[in-house]
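In: what follows is a predicted protein model with its sequence.
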Amino acid sequence: MTFTRLFMAGSTALMLMATPLLAGDISVKDAYMRSSTPSSVTGAAFLILENTGATDDRLIAAASEIAERVELHTHKQDANGVMQMMEVEEGFAVPAGGMHALKRGGDHIMFMRLKRPLEQGEEIAVTLTFEKAGEMQVLIPVDRERKPGHGSMNHGSDG
């Protein structure tokens, strides 16, 4: 391979990495995944879903080889004021021209019975399934050191 071809291949790869991932009119931004400790059997992914289209869509499922089960989850307060995590079977709406943030303490993708520890800095392959846009393959970096709100986009509406 000549230097020019190698340079062009490297440049193309860098441009693809900088481009938000798209499925139809849905893009994924600021994604990261974490587990509370290296030996945890569960993990969670957080990201921002943006819909640039004129039609509402919905994230209805997620899947990954890293865990035996992957669910869409949220936190709800019970009658005693205790926060509980629960599956959201209907998924997460992503409004037309809007966004939905999956963030710590709120909506997120839950990975249960991890098959191996999540290593800081590795990228985990995840398939997101949308009601209208279909499937999207994403690589989500593991970042156990990230603090809540770090790097997140501050928008008026986060679904």
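Out: Thanks, I have the structure now. Numbers count the residues shown, from 1 in each chain.
In: surely Val70 and Leu114 touch.
Out: No: between Val70 and Leu114 there is no contact under Cβ atoms under 8 Å: 10.4 Å. In short, each C-beta sits where N, CA and C put it, glycine included.
In: the two - which one has more neighbours?
Out: With neighbours defined as other Cβ atoms under 10 Å, Val70 and Leu114 compare such that Val70 has more, 21 against 18.
In: got the buried residues for the strand or helix carrying the more buried one?
Out: Using DSSP states H and E, Val70 sits in strand 67-77. Buried residues in strand 67-77, defined by neighbour count with 16 or more other Cβ atoms under 10 Å: 67, 70-74.
In: for those, which one is nearest Thr42?
Out: Ala67 (8.1 Å; Cβ to Cβ).
In: any idea how far that closest one is from Ile109?
Out: Ala67 sits 10 Å away from Ile109, going by Cβ to Cβ, to the nearest Å.
In: what's the answer for Pro141, then?
Out: According to Cβ to Cβ, Pro141 and Ile109 sit 14 Å apart.
In: out of these two, which sits in the busier spot?
Out: Just comparing Pro141 and Ile109: by other Cβ under 10 Å the higher neighbour count belongs to Ile109, 26 against 15.
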